[in-house]
Every structure is written in structure tokens, then in C-alpha cells.
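Undergrad: Just a sequence and a predicted model for now, questions to come.
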Amino acid sequence: MSTRYLVLVTTTYELMSAADRLPSAGDEESPEAQRMPLLPKGCEEKRYCGLTMKSIAWSVPLIYSVLGILLLRFVEGWPFLTSSYVMVQVITTIGYGDFTVQSSGCKIYLAFYAIIVLTLFAYYINLCRESIANQQSSVLRQYMRNMEGVQDAGLSDDELKMKYGAFNQLISALLLFVLTISAATVFFRLAEHCTCSYGLQSVAGCKDPDFETCRATGGYVKNWIDSFYMSAITMTTVGFGDFQPRTHWGRIFAIIWMPISVAVAANMVGACAAYFFEERQQNLLSAKDAVDHIALSTFKKIDKDGTGLLTRGEFLSYMLLKYGGVSEDLITEINKEYDKIDVNKTNRVSYEMVQSRQKMIRDKIKQAKKQS
């Protein structure tokens with residue numbers, strides 16, 4: 001499974017969460033209610049329900065993971081470390097393929113486990129991504145904002161955030177990504193330059209007292225390029241399987257590093273999307289840019305009736321076109337429909353005129369049905 005999927009799932013979750021928290025028309029919520037997360041129906045009446053939902057959100061995959069580790073340990077006969085290592089692969093959707101289950105019971109369990117993990121994965125990866133990004137990059141963002149404050153002394157904090165926020169987030173995410181992949185590259189190069197591995201993956205006849213002997217007897221070799229390649233493939237959840245952690249310490253490191261690296265990679269891709277798309281939209285929709293570039297020729301084009309004055313409707317139409325809200329053809333069609341309603345050409349429409357237009361449309365529909 002690729003990082004594109006992770007970002008898609010994470011973004012979908014964020015959009016759905018934001019939409020769910022929007023109040024419906026006419027609703028009036030207290031400040032306390034607006035700050036509370038969306039809870040299932042019935043949770044509002046029971047104060048402990050929110051805590052229960054939160055605990056379930058974290059305990060379900062934890063319980064399933066522990067059960068899965070025990071199942072792999074006693075049914076497949078794998079060591080505890082190997083069982084934990086495989087379960088982390090499943091959680092992060094990396095799937096090296098270096099260990100595969102053979103028993104029917106484990107296959108059924110992992111099939112249902114994968115479905116449950118994918119269902120809840122968006123929630124967890126979003127929490128991890130936000131936590132890592134906020135904690136690791138806050139110092140850098142603060143430093144950069146201090147520098148920006150010197151350069152743009154006339155701007156408020158909100159304006160500085162709008163101007164530089166996405167760029168700061170991108171730089172922070174990229175640095176965190178580089179740090180994470182570099183740490184893994186150095187670790188696997190030094191810890192697993194050559195190894196005979198152990199257990200099911202041990203190389204028969206291999207000896208690894210030193211690098212030359214290990215390589216000569218058929219050991220698994222990782223140079224700097226191999227280590228970087230494996231780290232990148234792991235972080236992006238591609239997991240080809242041609243390189244995997246082979247030693248005890250390598251798999252212990254991977255158990256901790258894999259979930260963190262996947263969250264960091266998703267954060268980096270999300271930050272890139274925010275910079276290249278959201279930042280562009282923010283610049284486009286800047287309130288100060290609304291009338292900054294209206295030249296006389298543009299003004300005359302907006303002034304549809306040629307009076308030398310812009311009505312609110314004409315200005316609104318221009319702004320919608322400028323910011324990509326609607327197409328020019330749609331604006332033209334809307335104006336034509338308005339002209340059909342405004343039969344007296346007074347630039348004023350009453351409800352009776354709207355009803356008359358509605359009746360005309362219905363009559364045409366009925367006539368068309370009779371002819372067909």
C-alpha cells in the first residue's frame with residue numbers, strides 16, 4: 001500500500017471530521033459544545049461515554065495486536081520478536097513479505113485484522129502525524145517566524161501565519177523526513193552491513209565474525225545505497241521485500257521506527273500538498289487582493305449595464321469568476337435567467353415574478369412530455 005493511499009485516507013478523515021462538526025442551519029451551540037469532539041448519539045447524556053469511545057479507539061488495535069502476536073507465537077511457532085515485527089508490518093501496511101503465515105487460523109485472523117486496521121487507520125495516522133509534526137517542528141517554525149517578524153514588521157501574527165505558514169510547515173516536514181530516513185539509513189548500514197540473520201531466515205553455512213567472512217559465506221549485505229533504499233521503500237509503505245531487517249536489533253529498531261516513519265512520510269506529503277495547493281489558494285483568496293488589480297478595462301467589463309457604476313451583483317459575479325467559484329458561462333446563464341424573471345426590466349424581482357417564471361417552466365415541461 002502506497003503513501004498516496006495514506007494521504008488520501010488521512011485527508012478524507014479530516015474532511016469528514018470537519019464536516020461533521022459543522023452546525024446545521026438554525027443551531028445554536030454553546031462554546032463548550034463547540035469545543036467538544038463529535039460523539040455518537042447518546043454519548044451526550046452519559047459523561048463517561050466520550051472517554052469510553054476514546055479508550056476503545058486506542059484499545060481495539062492494541063488488543064488485536066497482542067492477540068495476533070500471541071497467535072503467531074504459539075500457532076506459527078515464531079519467536080516473540082518475529083511475531084511483534086510481523087504485526088507492526090501489518091499495522092503500517094508495509095508488508096515486506098519476509099514472513100508469511102501458513103495455518104488457516106492465522107490467515108483468517110490476519111484477514112479480519114487487516115480490515116479492522118484499514119478502517120481505523122485514518123484516525124491513528126492522523127493523530128500520529130499531528131503529534132509528530134507539532135512536537136518536532138515547533139522550534140524551527142518559531143525560529144523562522146521570528147525571522148519573518150523582523151522582515152515583515154508591519155504584518156500581524158495572523159498575516160504572517162497566512163503568508164508563511166504552509167512554507168514553514170513544508171520545511172519542518174521535509175527536515176523531519178530527512179532526519180527520519182537518515183537515522184534508519186545509518187542504523188541499518190552500521191548494524192546490518194552483513195549478517196547471517198537467524199531463525200527461519202538464517203543462511204546455512206554462513207559465518208559473520210567480520211564483514212569479509214560474512215559476505216564470502218553468503219550473508220545478507222547492506223551498503224549505504226541498500227540501507228537508504230530500504231528506508232525509503234519502508235517509509236512510503238511500498239515494501240518490495242528485497243531488503244528487510246535481518247538481525248535481532250534491526251527488528252527491534254524496525255518495530256519502533258516503522259510506525260513513526262509512516263506517519264512522518266504522510267505528514268511530509270500532506271505538507272507538500274498544503275504548500276503547492278492550499279498556499280496558492282490562500283494567496284488567491286486574499287482579501288487585500290480583491291480590488292488591487294481592477295484596471296479601468298476590467299472595471300468596464302464588470303459593468304455589464306454600462307452605467308459607470310458597479311452593483312453588488314456585478315461585483316459579486318466578478319469575484320466569483322476571479323476566485324474560480326463559478327465559470328463565466330454559468331454567470332451568463334444566471335443573468336439570462338434573471339432577465340427572464342425581470343420582465344419589466346427594473347432590475348427588481350418580486351415573488352410574484354418568480355412564481356410566474358416557475359409556472360412558465362412547468363407548463364413547458366408538461367407540453368414537452370405530451371409531445372414525446
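TA: Perfect, thanks for sending it.

Undergrad: What is the burial count for residue 266?
TA: For residue 266, the neighbour count with other CB atoms under 10 Å is 28. Any C-beta I mention is one placed from the backbone N, CA and C, and that applies to glycine too.

Undergrad: for residue 218, same thing?
TA: Residue 218: 14 neighbours (other CB under 10 Å).

Undergrad: The one 10 residues further on now?
TA: Close neighbours of residue 228, defined as other CB under 10 Å, add up to 18.

Undergrad: For it, give me the pLDDT.
TA: We have a pLDDT of 95 for residue 228.

Undergrad: For it, list the residues it contacts.
TA: Contacts were defined as CB atoms under 8 Å, 6 or more residues apart in numbering; by that measure residue 228 touches 181, 185.

Undergrad: Helix or strand: which one has it?
TA: helix 224-235 (DSSP states H and E).

Undergrad: Please apply the same query to residue 113.
TA: Assigned by DSSP H and E, residue 113 falls in helix 104-151.

Undergrad: ok, now residue 99?
TA: Using DSSP H and E, residue 99 sits within no helix or strand.

Undergrad: Quick check, pLDDT for the closest residue to it other than its chain neighbours.
TA: The shortest distance from residue 99 to any non-neighbouring residue, by CB to CB, 6 or more residues apart in numbering, is to residue 86 (5.1 Å). Residue 86 carries a pLDDT value of 88.

Undergrad: Just want the angle from the helix or strand harbouring residue 176 to helix 224-235.
TA: Here residue 176, judged by DSSP H and E, is contained in helix 157-191. Here helix 157-191 points in a direction 130 degrees away from that of helix 224-235 (axes from the mean of the first three to the mean of the last three CA atoms, to 10 degrees).

Undergrad: what's helix 157-191 packed up against?
TA: helix 104-151, helix 224-235, helix 248-273, helix 279-284 (3 or more CB pairs under 8 Å, 6 or more residues apart in numbering; DSSP states H and E).

Undergrad: In three-state terms, label residue 197 for me.
TA: Per DSSP: H, G, I helix; E, B strand; the rest coil, the secondary structure class of residue 197 is coil.

Undergrad: my guess is it contacts residue 214, does it?
TA: No - taking contacts as CB atoms under 8 Å, residue 197 lies outside contact range of residue 214: 10.5 Å.

Undergrad: how near is residue 314 to residue 345?
TA: 16 Å (CB to CB, to the nearest Å).

Undergrad: Neighbour count for those two, which is higher?
TA: Using other CB under 10 Å, the more surrounded residue of residue 314 and residue 345 is residue 314, with 18 against 7.

Undergrad: Would you confirm that that one contacts residue 301?
TA: No - counting by CB under 8 Å, residue 314 does not reach residue 301; the two are 10.0 Å apart.

Undergrad: returning to that earlier point: helix 248-273 and the helix holding residue 176, what's the angle between them?
TA: 150 degrees.

Undergrad: Any chance of the backbone angles for residue 220?
TA: phi -80, psi 120 (degrees, to the nearest 10).

Undergrad: Excluding chain neighbours, give the residue nearest to it in space.
TA: residue 246 (5.0 Å).

Undergrad: isn't the one you found right up against residue 195?
TA: Yes - the pair residue 246 and residue 195 qualifies as a contact (CB under 8 Å) at a distance of 4.9 Å.

Undergrad: Mutual contacts of these two, please.
TA: What both residue 246 and residue 195 touch, as defined by CB under 8 Å, 6+ apart, is the set residue 220.

Undergrad: Show me the shaky parts of the stretch 1-150 of the chain.
TA: Within the stretch 1-150 of the chain, the ranges that satisfy pLDDT under 70 run 1-58, 117-150.

Undergrad: Let's see that with 50 instead.
TA: Applying pLDDT under 50 to the stretch 1-150 of the chain flags the ranges 1-51, 136, 148, 150.

Undergrad: on that earlier part again, show me which residues of the helix holding residue 228 are buried.
TA: 226, 227, 228, 229, 230, 231, 232, 233, 234, 235 (16 or more other CB atoms under 10 Å).

Undergrad: isn't there a helix covering the residue nearest to residue 220?
TA: No - going by three-state DSSP, the assignment for residue 246 is coil, not a helix.

Undergrad: what's it in contact with, if anything?
TA: The contact partners of residue 246, taken as CB under 8 Å, 6+ apart, are 192, 195, 197, 201, 220.

Undergrad: Which pLDDT does the model give the last one?
TA: The reference is to residue 220. pLDDT, read off for residue 220, is 95.

Undergrad: Tell me, how many residues neighbour it?
TA: Counted with other CB under 10 Å, residue 220 comes out at 22.

Undergrad: which residues sit in contact with it?
TA: Residues in contact with residue 220 (CB under 8 Å, 6+ apart) are 192, 194, 195, 196, 197, 203, 246.

Undergrad: redo that, cut-off 10 Å
TA: 192-197, 201-203, 206, 208, 214, 226, 243-244, 246-247 (CB atoms under 10 Å, 6 or more residues apart in numbering).

Undergrad: now residue 65
TA: 83, 84, 87, 88, 90, 91, 113, 117.

Undergrad: Helix or strand: which one has it?
TA: Taking DSSP H and E as the definition, residue 65 sits inside helix 47-74.

Undergrad: following that helix, which helix or strand comes up?
TA: Per DSSP H and E, the helix or strand that comes after helix 47-74 is helix 80-92.

Undergrad: That following helix relative to helix 224-235, how many degrees between them?
TA: Using the same axes, to 10 degrees, helix 80-92 lies at 60 degrees relative to helix 224-235.

Undergrad: Just the buried residues of helix 80-92, please?
TA: Within helix 80-92, judged by 16+ other CB under 10 Å, the buried ones are 81, 82, 83, 84, 85, 86, 87, 88, 89, 90, 91, 92.
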